[in-house]
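>>> Here is my input, please return the structure:
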Amino acid sequence: MAQLGEGAEPSPPPPPATSADGEAPAEDAPTQPANFAASPADVQYTERLERLTRVLRASGFMIDLQLNFLHGQSKADSLLLLGVKDALEARNMTLHQATVAAHGFMYAGTANTAFVREQMDWFKKSSNWAKFSATASIGVIHRPKGTLQQSKAELQAYLPQPGGAGASPYSEGGALYALGLIHAAKAGAASQEGSSEEGVVPYLLQTLDEVGPNEPLQQGGCIAVGLAAMGTAAEPIYEKLREILFADSAIAGEGAAYGIGLLLLGRARSDDWTAEALTTLLGHVHETKHEKIIRALSLALALASYAREEAAETLIETLTRDRDAIIRYGAMYTIGLAYVGTGANSAVKRLLHVAVSDVSDDVRRAAVTNLGFLLYRQPDRLPPLVALLAESYNPHLRYGSALALGIALAGRAGCDAGVTALALLERMHSDVVDFVRQGSLIASAMILMQQPDVHPSVKPFREKIAGIVREKHPSTMTKVGAIMAHGLLDAGGRNVTMSLSSRAGFTKATAVVGVALWAQHWYWYPLQYMLGLSFSPTALIGLNKDFDMPTSFNVTCAAKPSLFAYPKMTEAKKEEKKERVATVLLSTTARAKAREARKEKLTSEKSEDAKMADATDDVSGENVEGKSLDEVELRAASTESKKGPEPLSFELQNPSRITPEQENFVSFNLEQRYVPVNPRSKPAGIVVLVDRTPDEPEDVVQVELPSTDSNADEAAPPEPFDWSPDMQ
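Numbering: from 1, shown residues only. Okay, the predicted model is just below:
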């Protein structure tokens, strides 16, 4: 951010006042007289400092801005989601859970819970772990939220209550998980600035102490602690999670292992306490008998090795040579995360070797999947690598190929590699194995995110997944893929895309972690919500010196509007009227009217309407009204053709959605009142503007948080009145 205001450079802060003997006054004593008037330079400096602090605060203005955009510009298709819900079997909890997850993705970051309130009876059908998952979806909808108080207010009905008065441990555990999703990776920044965010981790640790050996609560709480304290490597938190891990409870231990992995994200070192911690975790992997804990610990070691590259080679070699297939499974993710985005040939060769040689299908699937993490910066290399694997006899290799393509090419359907990937995935849509069909549908949706209806693959794909949901013969696994595809195509109200890197090209650790843990939903469905960590808003937001949005600021897109338009919303079905039956009954009346019209015009030259009436009279049973309808349609078509061709450019108002592919067509208009501080910057993201006519009144929109009050959209009650039967 090159500039926060206008005018001369701010003056340095005034020196502290001193007493007559040269000592500074006490803290409680006023530093200036009561009638002291600050200079304009001091006031300006203070205001700018407050704005800068507001921007840098982890729970401050940037989050408010993102939430304001996603809520205000949301194009989530509630009718589409309602149609999916109504088309499913009422007793199939797997499809119910998939629809809840799709709803979470569709409304991710919008803080819009209107659908939940309207369909509360349907959401309440969840039980046990499905209830855990349904409650956790609230975290995706409200991510990111500002402060702990705000997020606790949203989850108040589900969070653990004092004295254990909660309704269900599953919903309470899901609420803790949701709290972690909302505040993921914020605790580290908050501890440095002293904001209210630093209260999230103490609250979660206190809750873990109070719930005791309650497995759903412990699992949700441990993952939440790891999410909130991601990458901080705080030793006291590690000790608490290790205590739960060593209790050797399969469910709670799994959550503790994931929490430790998130806590130690990228912090594996050989010169501090983390080295001993990794040795302890590696020893416990071989001691425990629970597969859940072994798999979670293997993933924890992979997370700790994030972006370590050659420094992780010793651990990678140890894990890949283990006799336990689950540990080798974790080794594949250790390779993928250690070399994420590097495209290292040595890592690619190792993954390909394991993909064709290991005896475990799970390990081979993981090896192919992690090619997506390695090559997401070089997507052109991936389709040729997995082309043969996508046609392998082994369905796990085909599934892994689909996920790798989806991860590396998410939102890139317009590039050559995206076109090739969609062709490979389309062949897998009709695979003989249901989970391969599921993976190919999900991966196709990832690639087609934010693509308009004019894209040649979008409309056929939407029709395909809609048909799979409606029909009864597709398997449950295939339907899960189709439902999830619906949620991904419309993620974040159609205003977000899945991205592992920032606009500046830096790898986002939170996004990589989210996708890596999402891939584990194969074993535990609630991990699907981790994918929300990889969603990135695609917005252009212009701000003036006061951080308000000027309504007169706009940019020009040198392309046809249809190339980057939102997909059409689902239209409500209209009641079908039996007009055809009425027309058939009145056919004789139509012929009689035609004869009368012909008689009235005997003395004049026959018009075109009269000729049509003659033709109608000659043909028995012909529908005159039907011909008139055809004429109307032809006239409407001719009217549309007279509108002219589609414009070659259009204006985008402030704020607007600008997809990554659209950025190359957008340019600033430097002749308008508001121009960017840096005209050479990309027309995307948050742009600070300079007002060229600051003396004129401004028309701006303030950045305000949307109201999430359930009664905000309800009509006010009527005024009190008296009524009696005698009143007329």
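>>> low-confidence ranges in this structure?
The model of the chain has pLDDT under 70 over residues 1-40, 57-60, 146, 163-167, 187-198, 574-592, 594-595, 598-643, 707-728.
>>> where along it do the strands fall?
Shown for the chain, the strands assigned by DSSP state E span residues 496-498, 535-537, 539-543, 549-550, 554-557, 650-653, 656-657, 666-668, 674-676, 685-691, 700-701.
>>> Out of these, flag the one nearest His142.
strand 535-537 (13.0 Å; CB to CB). Quick note: C-beta positions are derived from backbone N, CA and C, even for glycine.
>>> Just confirm Leu705 contacts Asn68, I think it does.
Yes - the criterion here is CB atoms under 8 Å, and Leu705 meets it with Asn68 at 6.8 Å.
>>> So for the two, which sits in the more crowded spot?
Remark: of Leu705 and Asn68, Asn68 carries more neighbours, 20 against 14, as counted by other CB atoms under 10 Å.
>>> Spatially, what comes nearest to that one if we skip its sequence neighbours?
Val703 (5.1 Å; CB to CB, 6 or more residues apart in numbering).
>>> hang on, the one you found packs against Leu67?
No - here Val703 lies out of contact with Leu67, judged by CB under 8 Å, at a distance of 9.2 Å.
>>> and those two? which has more neighbours close in?
Leu67 (23 against 18).
>>> how near is that one to Ala277?
Separation of Leu67 from Ala277 (CB to CB, to the nearest Å): 36 Å.
>>> Look up the closest residue to Gly418, ignoring the ones flanking it.
Sequence neighbours aside, Arg412 is the residue nearest to Gly418 in space, at 4.4 Å (criterion: CB to CB, 6+ apart).
>>> Would you agree the one you found is in contact with Pro379?
Yes - contact criterion CB under 8 Å: Arg412 and Pro379 qualify, at 6.3 Å.
>>> Spit out the contact partners of the residue positioned nearest the centre of the chain.
Geometric centre of the chain, nearest residue: Phe535, 4.1 Å, by CA atoms, centre = their mean. By CB atoms under 8 Å, 6 or more residues apart in numbering, Phe535 lies in contact with 108-109, 491-492, 496-498.
>>> does it have beta-bridge partners, and which?
Here Phe535 sits in beta bridges with Met498, going by DSSP bridges.
>>> Against Leu81, how distant is it?
To Leu81, Phe535 is 17 Å away according to CB to CB.
>>> Can you give me the distance of the residue nearest to the centre of the chain to Trp122?
Counting by CB to CB, the gap from Phe535 to Trp122 is 25 Å.
>>> One more: Gly104?
Counting by CB to CB, the gap from Gly104 to Trp122 is 14 Å.
>>> Tell me which of the two has more neighbours.
Relative neighbour count places Gly104 above the other of Gly104 and Trp122, with 27 against 17, counting by other CB under 10 Å.
>>> The more buried one contacts Leu531, correct?
No - Gly104 is beyond contact range of Leu531, at 9.4 Å (criterion: CB under 8 Å).
>>> Between the two ends of stretch 312-329, what distance do you get?
Length of stretch 312-329, first residue to last, CA to CA, to the nearest Å: 16 Å.
>>> and for Arg412 and Pro379, which residues touch both?
Gly418.
>>> How about Glu291, nearest residue that isn't a chain neighbour?
According to CB to CB, 6+ apart, the nearest residue to Glu291 is Ile326 (6.2 Å).
>>> List the residues that contact that neighbour.
When contacts are counted by CB under 8 Å, 6+ apart, Ile326 touches 291, 294-295, 298, 362.
>>> next one: Ile658
Neighbouring residues of Ile658 by CB under 8 Å, 6+ apart: 538-540, 557, 564, 652, 666, 683-684.
>>> Could you rerun that using 7 Å?
538-540, 652, 666, 683-684 (CB atoms under 7 Å, 6 or more residues apart in numbering).
>>> Likewise for Arg143?
Arg143 neighbours (CB under 7 Å, 6+ apart): 108-109, 181-182, 532.
>>> how does it look with 6 Å?
109, 181-182, 532 (CB atoms under 6 Å, 6 or more residues apart in numbering).
>>> Would you reformat those residues as a markdown table and include distance to Leu155 and neighbour count?
Listed next are those as a markdown table, based on distance: CB to CB, whole Å; neighbours: other CB atoms under 10 Å:
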| residue | distance to Leu155 | neighbour count |
| --- | --- | --- |
| Gly109 | 16 | 26 |
| Leu181 | 11 | 28 |
| Ile182 | 8 | 28 |
| Gly532 | 16 | 26 |
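>>> In TSV, list these along with distance to Thr570.
As requested, those are arranged in TSV below (distance: CB to CB, whole Å):
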residue	distance to Thr570
Gly109	21
Leu181	28
Ile182	29
Gly532	23
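>>> Give me the distance between Leu319 and Val363.
11 Å.
>>> Settle it for me: which of the two has more neighbours?
A count of neighbours by other CB under 10 Å puts Leu319 above the other of Leu319 and Val363, at 25 against 22.
>>> In contact with that one, which residues?
Leu319 is in contact with 327, 330-331, 334, counting by CB under 6 Å, 6+ apart.
>>> Look up the closest residue to it, ignoring the ones flanking it.
Leaving aside its chain neighbours, Leu319 sits nearest to Ala331 (3.5 Å; criterion: CB to CB, 6+ apart).
>>> How much space separates that neighbour from Val359?
Distance, Ala331 to Val359, using CB to CB: 14 Å.
>>> Compare those two (neighbour count), which wins?
Per other CB under 10 Å, whichever of Ala331 and Val359 has more neighbours is Ala331, with 27 against 8.
>>> wait, the more buried one sits on Asp322?
No - the pair Ala331 / Asp322 is not scored as a contact, 7.4 Å apart, by CB atoms under 6 Å.
>>> Any idea how many residues pack against the closest residue to Val225 other than its chain neighbours?
Spatially, and ignoring its direct neighbours in sequence, Val225 is nearest to Leu204 (4.8 Å; CB to CB, 6+ apart). Residues contacting Leu204 under the criterion other CB under 10 Å number 29.
>>> now do the one 3 residues further on
Other residues near Thr207 number 21, with proximity taken as other CB under 10 Å.
>>> do the same with Ser475
Neighbour tally, Ser475, other CB under 10 Å: 14.
>>> Quick check: it touching Val433?
No - between Ser475 and Val433 there is no contact under CB under 6 Å: 9.7 Å.
>>> Is it correct that Ala684 is in contact with Ile541?
No - using CB under 6 Å, Ala684 is not in contact with Ile541; the gap is 9.5 Å.
>>> what's the spacing between Arg470 and Asp86?
Distance, Arg470 to Asp86, using CB to CB: 10 Å.
>>> When the two are compared, which one has more neighbours?
Shown here are Arg470 and Asp86; by other CB under 10 Å, Arg470 has more neighbours (15 against 11).
>>> wait, that one sits on Glu89?
No - Arg470 is beyond contact range of Glu89, at 12.0 Å (criterion: CB under 6 Å).
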